[in-house]
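A.B. asks: need coordinates for the following:
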Amino acid sequence: MGNSRRDFLALLFCGLGTALSPELLLTRPAWSAPRSDTGAINVVVTGGGKRLAVADPLVWTTGKTASVDSIVVDPGQKFQSILGFGGALTDATCSTINGLPADKQNALLGRFFGSGQDSLSLNVCRTCVGASDYSSRAYSFDDGDADPDLKRFSIDHDRAYILPVLKKARAINPDLFLFSSPWSPPGWMKSNNSMLGGNMQRRYMPSYAEYFVKFLKGYEEAGVPIQAVTVQNEVDTDQDGKMPACAWPQEYEADFVRHHLGPAFEKHGLKTKIWLIDHNYNLWGRAVGELETPDVTKYASGIAWHGYVGDPGKMELVHKAFPDIDMFWTEGGPDYTDKHYSDNWAWWGKSFSGTLNNWCRSITTWNLALDEVGKPNIGPFSCGGMVTVNSKSGELSYSGQYYAVGHFSKYVKKGAMRLASQSKIEGIDQVAFQNPDGQLVLVVTNGGGERTIKVQVADRFFDLKMAADSMATLYWS
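C.D. replies: Numbers count the residues shown, from 1 in each chain. Just a heads-up that it's a prediction; the model follows:
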C-alpha cells in the first residue's frame with residue numbers, strides 16, 4: 001500500500017462533527033444505574049453533554065405502518081452471533097497500565113473488563129506475538145542469527161509486564177477471549193533479515209509454524225490461553241520498513257496455513273482458531289481466493305478485517321461465497337492529534353454499525369490505553385488510546401471511541417444474534433440484536449442534527465428524540 005494506516009487515519013478524522021464545548025469534555029464518565037422497567041424501552045445516550053447516561057424510559061404506541069423517518073426492526077430475521085467487544089492489549093498498552101500505581105491499575109482494568117455500572121464489560125482482546133509498532137523497540141521471541149530449530153525461543157520479554165496485565169484482565173473477566181497477531185516473524189526468517197518491513201521466506205515456514213506452537217504453549221503455561229491467531233497483521237504491506245511488518249503474497253499465506261500452521265496445530269493437539277488476512281476491506285477478493293485454495297478451510301475458520309481502506313459491504317461478498325467462515329473486526333483506533341478525539345463517538349458508532357451489519361462477530365479496537373502523545377511506540381505515530389493516561393499525573397481521559405464502544409459492549413451480550421433492521425433516514429445508522437435471554441437491543445447513531453425518529457417493531461412504535469451527533473442504546477424485554 002502507498003499509505004500506512006497512520007496516513008489513512010489522518011484523513012479519516014478530517015471534517016468530523018462540531019466539537020462540544022470544553023466544559024462538557026468530562027475526564028471521567030458519569031454513569032447512572034440502568035433501569036429495567038417491565039414493558040418500557042430503556043434508553044442510554046451519549047451526546048448533548050451526556051456520556052453513556054441513562055435517559056427517561058420510552059413507551060410503546062401501536063399503529064399500522066411506519067413513516068419515512070422510521071427505523072424498522074424485524075426480530076424474526078436473525079444473522080450472525082456476537083462474540084463480543086474489546087481492544088488491543090499491546091506492549092505499549094500493557095506498559096502504560098503497568099506503570100500506574102496498583103490501585104489505579106486495578107481501577108482502569110476494572111473499568112475495561114468489569115461488570116459494574118461504570119465498566120465497559122469488554123470480553124474480546126487482541127495481543128501481539130512479539131513487537132508491534134506500539135512497542136518501545138522491535139523484538140521477537142527468537143532474535144539473532146538463523147535458528148530454524150528455535151533453540152533460543154523464549155517469551156521471557158512478556159513476563160515483565162505483558163503477561164501480568166493479561167492475567168489481571170482475565171482475573172476480572174475469566175470469559176475474556178484473547179486472540180494474537182504477529183507484526184513480523186523473527187528477522188532471520190525474512191528476505192531483509194530485519195523485523196522492519198520485508199517478506200517471509202518459504203524455507204522458514206516449518207520453523208515459523210513451530211514458533212506459533214511454542215508461543216501458544218508458553219502463554220498457556222503462563223496462565224494466559226490464546227483462543228485464536230491471525231497469520232500476520234496487515235498481510236498485504238511491509239509498511240515501507242518503518243515498523244515491524246511483513247508482506248505475505250496470497251499464495252504464501254494460503255500455503256503456510258494448509259501445509260504448515262494448520263498441520264502443526266493438529267500435530268500438537270491445539271484447538272486455537274486460525275484467522276486470515278487481518279487487513280482492509282479492499283482485500284475481499286484475496287480473502288475469497290485464499291478460502292478457495294484446497295485445504296485452507298480445513299484449518300482456517302475466520303477472516304480478520306481492518307477498516308482503514310474500503311467498504312464494509314465487501315464482507316458481504318465474502319460471506320456469500322463462504323457462509324460458514326466467521327468475520328471479525330480486529331483493529332481501528334483514534335488519532336490523539338485529532339481535535340475531535342474526545343467527542344467523535346458518532347463517527348465510530350457509524351463505523352461499528354456498518355461492520356456489524358456486514359457479518360462481523362466482534363469489534364476489537366486498537367490500543368486500549370496510551371499516554372497523552374500516543375506513546376510508547378516505535379514511530380513516532382499518532383494513534384491514541386481508547387483511554388489516555390497522562391504520563392505525569394496518571395489522570396485518565398476518554399476518547400469518543402470509548403463511549404461508542406460502551407454503547408455496544410455494556411448491552412450486547414456474548415451469544416446475541418444480530419437482527420434485521422433498516423432505515424432510509426439520512427445520517428442515521430442502526431444495528432439491532434437479541435441477547436441470549438431474549439432481550440432486544442437497538443443501537444442508533446445520529447450523525448446529523450437534532451431530530452425525532454420513530455422505531456417500529458412489528459405493530460408497535462416508540463419515538464426517540466436524539467441530540468445532534470449522538471448515540472443511543474435502547475433495550476427492552
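A.B. asks: distance of L83 from A160?
C.D. replies: 30 Å (C-beta to C-beta, to the nearest Å). (Glycine included, C-beta is placed from N, CA and C.)
A.B. asks: kindly apply the preceding question to A209 instead.
C.D. replies: 27 Å.
A.B. asks: of L83 and A160, which one has the most company?
C.D. replies: L83 (23 against 11; other C-beta atoms under 10 Å).
A.B. asks: so the more buried one sits against K414, correct?
C.D. replies: Yes. Between L83 and K414 there is a contact under C-beta atoms under 8 Å: 6.4 Å.
A.B. asks: got the contact list for R258?
C.D. replies: Applying C-beta atoms under 8 Å, 6 or more residues apart in numbering to R258 gives the contacts T293, P294, D295, V296, K298, Y299.
A.B. asks: which positions in stretch 305-314 come out as buried?
C.D. replies: W305, H306, G307, Y308, G310, P312, K314 (16 or more other C-beta atoms under 10 Å).
A.B. asks: nearest spatial neighbour of the first one, chain-adjacent residues omitted?
C.D. replies: Distances taken as C-beta to C-beta, 6 or more residues apart in numbering put W329 closest to W305, at 5.3 Å, once the chain neighbours are dropped.
A.B. asks: how many residues are close by the one you found?
C.D. replies: By the measure other C-beta under 10 Å, the count of residues near W329 is 25.
A.B. asks: and the pLDDT for it?
C.D. replies: With respect to pLDDT, W329 has a value of 99.
A.B. asks: returning to that earlier point: out of the buried residues of stretch 305-314, which two sit at the greatest distance?
C.D. replies: Taking C-beta to C-beta as the measure, the buried residues of stretch 305-314 span a maximum distance of 13.2 Å, between Y308 and K314.
A.B. asks: so where is the stretch 1-150 of the chain shaky, pLDDT-wise?
C.D. replies: Along the stretch 1-150 of the chain, the model assigns pLDDT under 70 to residues 1-38, 64-66.
A.B. asks: still on that earlier bit, of the contacts of R258, just the buried ones, ChimeraX syntax please.
C.D. replies: The ChimeraX command for the buried members of the contacts of R258 (criterion: 16+ other C-beta under 10 Å) is given here:
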select :293,296,299
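A.B. asks: out of the contacts of R258, which one sits closest to L108?
C.D. replies: Nearest to L108 out of these is Y299 (C-beta to C-beta; 37.0 Å).
A.B. asks: which residues does the residue nearest to W305 contact?
C.D. replies: So W329 contacts A304, W305, H306, G307, F352, T355, C360, S362, I363, T364 (C-beta under 8 Å, 6+ apart).
A.B. asks: what ranges does the stretch 201-350 of the chain have for its helices?
C.D. replies: In the stretch 201-350 of the chain, helices defined by DSSP state H, counting those that start in this stretch lie at 205-221, 250-256, 262-267, 284-292, 296-299, 314-321, 345-356, listed in chain order.
A.B. asks: number of residues surrounding the closest residue to T230 other than its chain neighbours?
C.D. replies: Distance criterion C-beta to C-beta, 6+ apart; nearest residue to T230, sequence neighbours excluded, is D278 at 3.9 Å. Other residues near D278 come to 26 when the count uses other C-beta under 10 Å.
A.B. asks: isn't D278 up against D236?
C.D. replies: No. At 9.6 Å, D278 does not count as touching D236 under the criterion of C-beta under 8 Å.
A.B. asks: joint contacts of the two?
C.D. replies: Counting by C-beta under 8 Å, 6+ apart, nothing touches both D278 and D236.
A.B. asks: shared neighbours, L83 and K414?
C.D. replies: With C-beta under 8 Å, 6+ apart as the test, L83 and K414 both reach N123.
A.B. asks: list the buried residues in stretch 40-59.
C.D. replies: 40-47, 50-55, 57-58.
A.B. asks: narrow the residues you listed to those in helices?
C.D. replies: Among the buried residues of stretch 40-59, DSSP state H puts none in helices.
A.B. asks: quick check: the farthest pair among the residues you listed?
C.D. replies: The most distant members of those, if one measures by C-beta to C-beta, are A40 and R51, lying 22.1 Å apart.
A.B. asks: list the contacts of the residue nearest to D437 when sequence neighbours are not counted.
C.D. replies: Excluding its sequence neighbours, the residue lying closest to D437 (C-beta to C-beta, 6+ apart) is K413, at 7.7 Å. Residues counted as contacts of K413 (C-beta under 8 Å, 6+ apart) are I82, N435, P436, D437.
A.B. asks: that older thread, any chance of the helices of the stretch 201-350 of the chain in CSV, with mean pLDDT too?
C.D. replies: Below are the helices of the stretch 201-350 of the chain laid out as CSV (pLDDT from 0 to 100):
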stretch, mean pLDDT
helix 205-221, 99
helix 250-256, 99
helix 262-267, 99
helix 284-292, 99
helix 296-299, 99
helix 314-321, 98
helix 345-356, 99
